[in-house]
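**Q** turn this into a structure:
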Amino acid sequence: MDKYKKSKRNSIFAWTIAMILAIIWLIISLLPFIFMVLNSFKEKFEMLSKGVFQLPEKLNWSNYTEVLSGGFLNYFKNSVIVLAISLVLLLFIAACASYPLARFNFKLANPIYSLIVACMSIPVHITLIPVFKMSKTAGLYDSIWALIGPYIAFAVPISVFILTSFMREIPREIEESAEIDGCGKIRMFFSIILNLSKPGLATLAIYNGVNMWNEFSFAYTLTQSSENRTLPLAIWEFQGQYSMNTPMIMAVLTLTLLPMIIMFIVFQDKLVKGMTAGAVKG
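**A** Model (predicted):
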């Protein structure tokens with residue numbers, strides 16, 4: 001009985017510490033967001049004359065209306081187009097590459113897989129000049145289409161690495177049963193493997209989607225005109241335009257961050273399933 005009470009006390013103590021740490025981390029994570037949203041509704045000099053975490057005297061929606069009328073929607077449209085096309089192509093390429101690496105036995109499987117994983121160590125910045133020259137040669141420079149190729153290329157290694165590990169956990173008995181029924185490899189891939197890999201694909205979509213949405217280096221290098229630039233560059237350009245108007249910058253940041261927050265809230269269950277499903281057989 002004493003051993004049971006001691007174990008229960010230790011469990012309660014551990015959960016209490018975990019909850020305290022979780023609350024502290026929640027506060028640390030929320031403070032920048034609260035700071036950003038509160039100050040986005042303030043007047044130009046209200047933030048300087050009063051506390052930064054003090055509620056605004058009135059909700060100043062003019063910051064948002066001015067940002068939206070200043071070309072923000074065009075940046076947003078470009079980001080959505082680049083993100084949608086890049087993610088669809090990335091997930092298809094990663095799935096097609098991961099399937100043979102995970103389910104087929106051939107001599108070059110391990111060398112190819114090792115080479116793909118090794119590509120994860122290539123720094124993005126050392127490729128800016130070669131990619132810039134390739135975009136100029138291909139006639140894609142200063143267009144949103146110039147961003148899709150680099151975004152996919154640098155996301156493929158980590159995507160194949162994660163998705164291959166995920167597909168290896170799918171029971172082979174499912175494939176054997178399908179083969180007995182006359183199912184070919186191509187049909188098996190599209191009808192069975194892709195369906196069972198949806199949690200992993202959703203995880204990759206969220207992970208790579210956030211990275212593509214916030215990417216700055218390639219967007220800055222491969223685009224020049226404002227009509228072809230994406231949201232990270234909108235923040236940069238608005239910061240130069242409204243350098244003395246901090247609430248306006250906060251409004252731009254809030255509008256840029258809002259789609260990612262909504263996407264995470266909607267798909268957070270799929271993200272958790274994708275992170276844990278690979279560890280569960282069957």
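
**Q** contact partners for Phe41?
**A** When contacts are counted by CB atoms under 8 Å, 6 or more residues apart in numbering, Phe41 touches Pro56, Leu59, Asn60, Trp61, Asn63, Pro247. Every residue, glycine included, has its C-beta placed from N, CA and C.

**Q** one more pass at 6 Å, please.
**A** With contact taken as CB atoms under 6 Å, 6 or more residues apart in numbering, Phe41 is in contact with Pro56, Leu59, Asn60.

**Q** does the first one lie in a helix or a strand, and which?
**A** Per DSSP states H and E: Pro56 is located in neither a helix nor a strand.

**Q** quick check: phi and psi on it?
**A** For Pro56, the backbone dihedrals are phi -70, psi 150 (criterion: degrees, to the nearest 10).

**Q** what sits against it?
**A** Residues counted as contacts of Pro56 (CB under 6 Å, 6+ apart) are Phe41, Lys42.

**Q** relative to Leu38, how far out is it?
**A** Using CB to CB, to the nearest Å, one obtains 7 Å as the distance from Pro56 to Leu38.

**Q** for the last one, same thing?
**A** From Asn60 over to Leu38 the distance is 11 Å, taken as CB to CB.

**Q** helices and strands of the chain: which one has the lowest mean pLDDT?
**A** Of all helical and strand segments in the chain, the minimum by mean pLDDT, DSSP states H and E falls on helix 46-49, at a mean of 73.

**Q** what's the burial count for the residue lying closest to Tyr99 once chain neighbours are set aside?
**A** Computed as CB to CB, 6 or more residues apart in numbering, the closest residue to Tyr99 that is not its neighbour in sequence is Phe189, at 5.4 Å. Other residues near Phe189 come to 18 when the count uses other CB atoms under 10 Å.

**Q** repeat that for Ile162.
**A** Counted with other CB under 10 Å, residues neighbouring Ile162 total 21.
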